[in-house]
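Participant: After the sequence you'll find the predicted model.
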Amino acid sequence: MDNRQLGAWGEKKAANYLRLRGYKIIDMNCRYRQGEIDIVASKRGYIVFVEVKLRKNDSYAEAKEFVTAAKQQRVMIAAQLWLQQNETELQPRFDVIEIYAPNGEKGRIRINHIENAF
């Protein structure tokens, strides 16, 4: 499995995780020239823009640390573009979902959801 396929697998795991916690998945893989959004979801008055980070482990650094200031800026720009095309009264929020999969898709995974990450 290449990195793109592994990333798509991680995003599906994150979306399922959110669904099980009462989120409604509205959109996935929204790509714009200026940035991209992995998952757009809603719950309790929020429209949630989710960045998914998949790593084998956190021995080098936690997955959330790879959501740099530059990456955050690109996600926020993409969210503005998404909101221009999809009107909503919901309050925007930016979350990060860390997925740790030591053995890829064959092993046990650990998910950490960070609400209001940036």
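Facilitator: Yes, it's here. Numbers count the residues shown, from 1 in each chain.
Participant: residues contacting the nearest residue to residue 43 once chain neighbours are set aside?
Facilitator: For residue 43, ignoring the flanking residues on the chain, the nearest one in space by C-beta to C-beta, 6 or more residues apart in numbering is residue 23 at 4.6 Å. The C-beta positions use only the backbone N, C-alpha and C, and glycine is treated the same way. Neighbouring residues of residue 23 by C-beta atoms under 8 Å, 6 or more residues apart in numbering: 41, 42, 43, 48.
Participant: Can you say which of these are buried?
Facilitator: Neighbour-count burial (16 or more other C-beta atoms under 10 Å) applied to these gives 41, 42, 48.
Participant: Centroid-nearest residue for the chain?
Facilitator: residue 51 (2.6 Å; C-alpha atoms, centre = their mean).
Participant: Quick check: closest non-adjacent residue to it.
Facilitator: In space, and not counting its chain neighbours, residue 51 is closest to residue 96: 5.1 Å by C-beta to C-beta, 6+ apart.
Participant: list the contacts for the one you found?
Facilitator: Here residue 96 is in contact with 50, 51, 52, 53, 63, 64, 67, 113, 114, 117, 118 (C-beta under 8 Å, 6+ apart).
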